[in-house]
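1. next input, structure requested:
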Amino acid sequence: MLYSRPKRQNHNHVNLPRPALWDIFCHVVDNLGDIGVCWRLSADLAARGQRVRLWVDEPEPLRWMAPGALEGCWPGVEVIHWTRPLPEGLAASLPPADVWIEAFGCDPPDEMIHALAERLARDETPPVWINLEYLSAEAWVERCHGLPSPVMTGPLKGLTKTFFYPGFTQATGGLLRERDLAQRQAAFDAKAWRQRHGVPDDALAVSLFCYNPAPALAPLLAQATQQAQPVHWLVTPGRSAVAMEAALASLPPEQRPPAEHIHHLPLVDQPGFDEMLWACDLNIVRGEDSLVRALWAGKPFIWHIYPQHDNAHHAKLEAFLDWLGASEDWRQLMRAWNRGSAVATVGWPAHASMRDLAARLSNPGGPQHGVLDLVVSLGLHASRAKYL
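-> Got it, this is the predicted structure:
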């Protein structure tokens, strides 16, 4: 078996054993969360001295998400446009990778499968093959993380993939975090950022990065107008802007925020997104990558979880709230947001409650304690499989 389950220990300060070549395969489905995670993983691996080929079928969002990536200006990362089919002869001409990561269940290109089969026929060593799965705090993640997944059919029959589940405990793969994140956050000037974006010092700044539709947004906007402290909204482009437009249109004029309290932001790179979270007092985030960034920001947040047709996302939300140790008011607010019910029945988060949640997120003994570094843990999985 290629995989041996590692001991449950904190690898936050462990370096990867040697430079390796990683192929990361990313199929962009919707909302760009998949490419956001894959780029963040690729860039961090490169920052740790690894070499990465990022295969992505829709690379254009990287032009604003990671300027220079498509032009080859990121040392250690090569972005390959994953066309169907691939250019003839490309797969066979590339140096073989030490590690394959198929992100979120996307199979590698057929040409790469057949090229690897030809190498195996020459008795060459296969890559460590990792199936990077979705983030969840549900209990079954600990049981499934690290399990082998034998390839039962096709040209690579007999190889074994390894399930890698990100998560919030030491028995999972952990969360993605750059080594310089704390230093960057400490050096960040939130007051200057707010001034550049027209947010007064005495205002409560709320970032909006949500899905559309967001039925709970309209009642939340109406409640904001009743607060003694002025509330300013920092609206990200795309679905969030559409959701804001729909919410405003559904409200009578007297319940809408003043126009000067709504700030539409441009597309920014990933560090710029982090800075927005650091500068705001309340962050409304969606999906997985922005949830993790909101956790690292240490600010109160509302998580708009990706909706699933069978409503499985509600159990996922409850598991996360249990792990977070969220107070009842935050539980009610996040449930209301994700069920589309009236936030007016829950109430705008009180300042004391926001302070309590912020203190919990920033407390080293709180929910962040013992969280593994996803990149290092991935590297250790690969090294154990190849070199032990």
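2. can you give me the strands for the stretch 151-300 of the chain?
-> Applying DSSP state E, counting those that start in this stretch to the stretch 151-300 of the chain gives strands spanning 160-164, 204-208, 231-235, 262-264, 282-286.
3. residues contacting the third one, please?
-> Under the criterion CB atoms under 8 Å, 6 or more residues apart in numbering, residues 197-200, 203-208, 221, 224-225, 241, 244, 257, 261-265, 276, 280 lie in contact with strand 231-235. Just so you know, the C-beta spots here come from the backbone N, C-alpha and C atoms, and that holds for glycine as well.
4. parallel or antiparallel, list what pairs with that strand.
-> Strand pairing for strand 231-235, using DSSP bridges, gives strand 204-208 (parallel), strand 262-264 (parallel).
5. closest one to Ala359 among the ones you listed?
-> Ala359 lies closest, by CB to CB, to one member of these: strand 204-208, at 17.2 Å.
6. what's the closest one in contact with?
-> 194, 199, 217, 224, 227, 229-236, 240, 243-244, 276-277, 279-285.
7. now a PyMOL select for only the buried ones of these.
-> Buried subset of the contacts of strand 204-208, written as a PyMOL selection, criterion 16 or more other CB atoms under 10 Å:
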select buried, resi 194+199+217+224+230+231+232+233+234+235+236+240+243+244+276+277+279+280+281+282+283+284+285
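8. now the strands paired with strand 231-235 in a markdown table, with distance to Met65, mean neighbour count and mean pLDDT?
-> As requested, the strands paired with strand 231-235 are exported to a markdown table (distance: least, CB to CB, whole Å; neighbours: other CB atoms under 10 Å; pLDDT from 0 to 100):
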| stretch | distance to Met65 | mean neighbour count | mean pLDDT |
| --- | --- | --- | --- |
| strand 204-208 | 17 | 25 | 97 |
| strand 262-264 | 18 | 16 | 98 |
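9. Asp356: neighbour count?
-> As a burial measure, Asp356 scores 16 neighbours (other CB atoms under 10 Å).
10. got a list of what it touches?
-> With contact set as CB under 8 Å, 6+ apart, Asp356 has these partners: Ser327.
11. rebuild the strands of the stretch 151-300 of the chain as a markdown table, extending it with distance to Gly36.
-> Formatted as a markdown table, these follow (distance: least, CB to CB, whole Å):
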| stretch | distance to Gly36 |
| --- | --- |
| strand 160-164 | 17 |
| strand 204-208 | 16 |
| strand 231-235 | 18 |
| strand 262-264 | 20 |
| strand 282-286 | 11 |
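12. what about those, which gets the closest to Ala43?
-> With CB to CB as the criterion, Ala43 lies closest to strand 160-164 of the strands of the stretch 151-300 of the chain, at 18.1 Å.
13. avg pLDDT for the closest one?
-> Throughout strand 160-164, pLDDT has a mean value of 89.
14. likewise stretch 359-366?
-> When pLDDT is averaged along stretch 359-366, the result is 57.
15. select, out of the strands of the stretch 151-300 of the chain, the one closest to Asp322.
-> Among these, strand 282-286 comes nearest to Asp322, with 18.9 Å by CB to CB.
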